[in-house]
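Peer 1: Give me a 3D structure for the following:
(3 chains, ligands or ions: 2)
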Amino acid sequence: MSDYATIVGLEVHVQLATASKLFCGCSTKFGAEPNTQTCPVCIGLPGTLPVMNRSAFQLALKTAIALNCEIPVYTKWDRKQYYYPDLPKNYQISQYDLPMSQHGYLDISDPKGGFEAKRVRILRAHLEEDAGKSLHDEVAGKGDSLIDLNRTGTPLLEIVSEPDMRSPLEAKAFLNELKLLLTYIGVSDCNMQEGSLRVDANINLHIDAKEGRVATPIIEIKNMNSFRAVERALEYEAGRQWREWHETRRKLGDAPKQTRGWDDVAGVTRGQRSKEESSDYRYFPDPDLAPVTTSSKEVDAVRQSLGELPAALRGRLETDSGLSAYDADVLINQGRPVVAYFLDVAQASGDAKAAANWVTQDLLRTLKESNSTIESLPVTSGSLAELIRKVKSGEVPSTRAREVFQTMLEKRIDATAALQTLGIAAVDESELVALCQKLLAANP
Amino acid sequence: MSLFDLSASEHLVSLESGALSSVELTQSYLDRIRSVDERVNAFLSVDGDAALNLASEIDERRAMKQPVGRLAGLPIAVKDILCERGKTTTCASRMLASFRPPYDATVIGKLRQADGVLVGRTNMDEFAMGGSTENSAFKVTRNPWDLERSPGGSSGGSAAAVAAGMAPLAIGTDTGGSIRQPAGLCGVVGMKPTYGRVSRFGLVAFASSLDQIGPFGQSVEDAALLLESIAGHDPRDTTSLNVPVPAYSQSVNKPLANLRIGWVREHFGEGLDQEVESAVRSALEVYKSLGATLHEISLPHSKYAVATYYVIAPSEASSNLARYDGVHFGYRTDEKEMLAELAADRKRLETAGDKAGLAHLDSALVRMYRRTRAEGFGPEVKRRIMLGTYALSAGYYDAYYVKALKVRRLIRKDFDDAFGKVDLIAGPITPSPAFKIGQMSGDPLAMYLVDIYTVSANLAGIPGLCLPCGRSNGGLPIGLQLQAPALEEERLLRGARMFEQATDWRKERAKL
Amino acid sequence: MSLSRAEIEKVALLSRLRLTDDELATMTTELASIVGYVNSLGEVNTDGIEPMAHAIEVTNVFRADEVAPSLSRDDALSNAPHADGRGYLVPAVLGE
Ligand SMILES: [Mg+2]
Ligand SMILES: [Zn+2]
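Peer 2: Numbers count the residues shown, from 1 in each chain, chains lettered A, B, ... in the order given. Ligands and ions are numbered 1, 2, ... in the order given. Next comes the predicted model:
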């Protein structure tokens, strides 16, 4: 039992799924040749002006509302100023004191019981522009960096949580639940490899020391490129801070906030040098952009359009369909189409538990092995339900049910047809009785 | 009387009647440029061949009775701060000495659409920062009325070009008076429209919430004609107003009945030159003789306008000019020298064992930025970047920037109240006539105070116009400023035209 | 209101400007006099006054999410002081 608590807050940047950039018409497609998706506006050429992409704002609004955020009537954009070659204007159009949304929350839980279900508060979510990329290794010879501005100006939603997570596991659960929500409402593909979802973590420890509870200096961890990496980095950093506390006794406030980078191969975080002036961003309202007002009517309209969110759906699977938290979680994580398929099967078969078993086991395995989608599956929800009913009625011996399912898959036929091909005849009980009597009579 | 003594509207009549061809007209202005600009230095570049080709193409279309634009065949000079595709757009800065935009500013596009003939690009204070055109990296423009004196600025090249008859029309930009003040000092007509009336797309930003593009001409009619051609909503500029543009050139000659003219108590206080005051007061009498009524009004916060302006404008400028860093476009310092210098610095600090010095030593990238900007910008631009960075930096933001934004609202409210009582506000444009070149360069603050009568209109976003209303004993032009409520350019132009027709000031031209 | 040389040096770094000792000296006195003048704003009572960041008050100006053609890479890089045909080149940004 440890004598300290791990305090974690997350800052997530999500690329919103628009066709064009936030302030210009350049494409946001990933993977193009360097500097083939730029224009005078996103290169920041003299004289150019930004004009905001409506769907970027709508997607941001949708997400904020799905995160239970308050949507202020009035929001504006500010310039965050720092010099970096992948930021051509040397300021990022972002939001400072009046973000488009704040004070939301996301509920997380662990079906494996790794932690108590809890509510993680969202401090704010704001809409800003992405920067380009600096490619260091790609240039041979004298340490030049190559700047690619294709990504410059891509719409980003920055989601900042309160420091409400108490373990790396909770942090990972938060990220999984967030990704699930974002993909359910279709605002982002959340592809971490392509950088459409990026995570920074803030962590420190609250330690029970003789002098009472003390907080260690807050560390921001960067360069984590998978949820697993976030979990590992936090585990490592908690241990490092624990050791550092015992060596230095440095408390929160004794040192300015430090940034450390995660080295996934070495499995360690390393200090990054930060210039003392780098924190003075000199935010001020961007005079080129008009503020945006949002009425409560618009907010309600967006809320209506959201559809059933993962949390609600999960609840319904547990209560209505009586699934275990674990099964419900497995299904939800498969995304809307699989959940819809399950609900159809459960409904048509009248046996949610059996439906869940089929879908979470045989069906998902099949999809995995053939790496195909539920839409392309030859077994419709109707015929799977039929199979379940036949097993229940004894028409299909449960020992042969899998065999029937396989046949339905391979021959792309329904349950009845599969029974015929397999020569599984339905056997009538009266015939059985008659048969027994004959045998008895023959062998007195 | 030679061609260049006539106004653009007068030229247009001869062009349309066929009495004059655009080629003849353009050629005569090019000749005039060749003969006088080596003394005036109004132009940074002149493209005579392109102008003549365009002129003849327009002549042909006219001869063939094909439709032509509102400015068809009229030579126009453009301040070197509007992006023109493929043409160097320097902002009179070493930083952009070889910058060629891959696109046209909206206003350039509108001038092309109107079949204006772009003859050349005019000198200015670097990035429009200044009031004398002395802060140009390339040349000092001189006042056609007295070559020892400044034409004012920052649009001094455009004002001087029109005053010297090198172009009938010119485009300038006005952030704190940069059209109206040089118009006044050069004895021509210059106008700053309502903020948002003319698209800023392609205008290299100085202070985005204050910058406006506007016309220069020999007459109010010309200003009306040119404004009508460049005004209008632009989807590429979020701050451009989506409202119809009146046909100014049609209405400009209609006088205003029972016009109420306000004169501002605070504008006739100390600091105002005697000659200027009497010229402006007699201008007010002219209006009286035209049936207007005069009303004393107060703009109580006007004495804070310059202070407010010199917080807001540099703050926005410090941000707008951050992009000039030698990475994506524009000037970059010599990298070999830069790296050698850095290595030498490091060696010096190491031998001195200066740990702190080493810790704070620039990285190669930061040194590249700092050398590039140190070499690419002139002193006034550096001063304003420093001032703005300071005003926005941690600890000073509320005391300076936010405070200035609040006073700005009070300044606008003063105008709202005033325009409840009067239709137009009339007054001086500068405290005194054209000053000697070099006279102000030693004292930035004194130079800033020249803007005392002009910056309020930019802060409030309202239109202002300057036209000649007198001569100093030394024979220098004296300007009258008129201001109107937002979007009332039509009223402003008609009111100015009344005065122009009742007086002869514009008929007298600079002798060169 | 006087500005220290150290303050001016910090502002120069924030501004990515490099000033010679002479420039620093003149800049210090010039900024001090301008800032001194600007301090007159302190006299104005602005209680309850909303800051005015825009000259005109328009809101909700958007464009449709439509892809427009980008510049060719050559055009995009045509003004770059140092490029290699694929991108802009700068001194290594590692550790920045
Ligand atoms: Mg961010
Ligand atoms: Zn673009």
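Peer 1: can you map out the strands along chain B?
Peer 2: Ranges of strands in chain B, per DSSP state E, are B:43-46, B:75-79, B:117-122, B:169-174, B:189-192, B:212-217, B:260-264, B:293-297, B:424-428, B:464-471, B:477-483.
Peer 1: for those strands, which one ends up most surrounded?
Peer 2: strand B:189-192 (a mean of 32; mean count of other CB atoms under 10 Å in any protein chain shown). Glycine gets a C-beta too; all of them are placed from N, C-alpha and C.
Peer 1: Any idea how many residues pack against residue 18?
Peer 2: Reading this off chain A. Neighbourhood size, residue A:18 [other CB atoms under 10 Å in any protein chain shown]: 22.
Peer 1: actually chain C
Peer 2: By the criterion of other CB under 10 Å, residue C:18 has 21 neighbours.
Peer 1: And it, how far from chain B?
Peer 2: 4 Å (CB to the nearest CB, to the nearest Å).
Peer 1: right, and that residue touches residue B:373 too?
Peer 2: Yes - using CB atoms under 8 Å, residue C:18 is in contact with residue B:373, at 7.4 Å.
Peer 1: tell me how far the helix or strand hosting residue C:32 is from the chain's mean position?
Peer 2: Residue C:32 is part of helix C:21-38 when elements are defined by DSSP states H and E. Centroid separation for helix C:21-38 versus its chain: 18 Å, with CA atoms, centre = their mean, to the nearest Å.
Peer 1: Quick one: residues in contact with it.
Peer 2: Applying CB atoms under 8 Å, 6 or more residues apart in numbering or on different chains, the external contacts of helix C:21-38 come out as B:306-307, B:310-311, B:379, B:382-383, B:386-387, B:390, B:400, B:404, B:444-445, B:448, C:1-5, C:8-9, C:12, C:19.
Peer 1: how about the spatially most central residue of chain C, what does it touch?
Peer 2: Among the residues of chain C, the one closest to the centroid is residue C:15, at 6.8 Å (CA atoms, centre = their mean). The contact partners of residue C:15, taken as CB under 8 Å, 6+ apart, are B:318, B:373, B:382, B:385-386, B:389.
Peer 1: cutoff 10 Å now
Peer 2: Going by CB atoms under 10 Å, 6 or more residues apart in numbering or on different chains, residue C:15 touches A:83, B:318, B:321-322, B:369-370, B:373, B:377, B:382, B:385-390, B:393.
Peer 1: OK, contacts around the residue nearest to it when sequence neighbours are not counted?
Peer 2: The shortest distance from residue C:15 to any non-neighbouring residue, by CB to CB, 6 or more residues apart in numbering or on different chains, is to residue B:389 (4.5 Å). Listed by CB under 10 Å, 6+ apart, the contact set of residue B:389 reads A:81, A:280, A:282, B:314-315, B:317-319, B:322, B:396, C:10-17.
Peer 1: do residue B:75 as well
Peer 2: B:4, B:8, B:11, B:22, B:25-30, B:32-33, B:51, B:54-55, B:116-120, B:161, B:166-170.
Peer 1: Mind checking which of those are buried?
Peer 2: B:4, B:8, B:11, B:22, B:25-30, B:32-33, B:51, B:54-55, B:116-120, B:161, B:166-170 (16 or more other CB atoms under 10 Å in any protein chain shown).
Peer 1: Just the ones of those in helices?
Peer 2: Residues of these located in helices (DSSP state H): B:8, B:11, B:22, B:25-30, B:32-33, B:51, B:54-55, B:161.
Peer 1: can you narrow those to ones near chain C?
Peer 2: By CB under 10 Å from any CB of the partner chain, no member of those lies near chain C.
Peer 1: Name the nearest of these relative to residue A:288.
Peer 2: residue B:161 (29.7 Å; CB to CB).
Peer 1: my guess is that closest one meets residue B:37, correct?
Peer 2: Yes - contact between residue B:161 and residue B:37 holds when scored by CB atoms under 10 Å: they sit 8.1 Å apart.
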